[in-house]
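Enquirer: This is a predicted model, with the sequence first.
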Amino acid sequence: QVQLVESGGGLVQAGGSLRLSCAASGLTFSRYTMGWFRQAPGKEREFVAAISWSAFDTDYADSVKGRFTIARDNAKNTVYLQMNSLKPEDTGVYYCAAYRMGWSTRRIERGYDYWGQGTQVTVSS
């Protein structure tokens with residue numbers, strides 16, 4: 001059974017930082033592109049960042065480029081999202097997702113095979 005478990009969310013002031021983690025089990029982690037998506041209240045879920053299975057490629061939404069960094073540790077079956085210079089508009093539920101051996105549809109929800117339950121990030125102004 002595949003499980004993706006996010007952690008590291010919380011309440012932070014604008015300008016602060018958080019690091020999200022997503023621990024994967026039940027799959028061959030090194031064969032999956034990993035992505036982070038988020039959903040703000042009343043809005044659709046949106047792409048945030050992705051990292052290829054080899055970690056050679058990364059991709060970021062324009063809204064987070066230069067502030068967020070995605071990384072992975074294949075030995076620990078974990079993907080991370082370091083979030084710096086947080087803004088109130090970064091508030092939302094953050095989800096990690098796994099996409100087997102793919103890259104071309106990394107920004108599209110339906111391209112992913114597995115999803116976590118999400119972790120809440122709240123940025124106060």
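Expert: Nice, thanks for sending it over.

Enquirer: When you work out contacts or count neighbours from here on, use the C-alpha atoms and nothing else.
Expert: Noted.

Enquirer: quick one: what helix or strand has Lys76 in it?
Expert: Assessed by DSSP states H and E, Lys76 sits outside every helix and strand.

Enquirer: Next: the one 10 residues further on.
Expert: Leu86 belongs to no helix or strand when assigned by DSSP H and E.

Enquirer: mind checking how far it is from Asp73?
Expert: 24 Å (Cα to Cα, to the nearest Å).

Enquirer: quick one, which of the two is more surrounded?
Expert: Comparing Leu86 with Asp73 by other Cα atoms under 10 Å, the one with more neighbours is Leu86, at 23 against 13.

Enquirer: first to last residue in stretch 107-117, what's the distance?
Expert: With Cα to Cα as the measure, the ends of stretch 107-117 fall 19 Å from one another.

Enquirer: Over to stretch 58-68?
Expert: OK, stretch 58-68 end separation, Cα to Cα: 11 Å.

Enquirer: Pull the contacting residues for Asp59.
Expert: Residues in contact with Asp59 (Cα atoms under 8 Å, 6 or more residues apart in numbering) are Ala49, Ala50, Ile51.

Enquirer: Tell me, how many residues neighbour the first one?
Expert: Put plainly, it is Ala49. By the measure other Cα under 10 Å, the count of residues near Ala49 is 25.

Enquirer: Lovely, talk soon.
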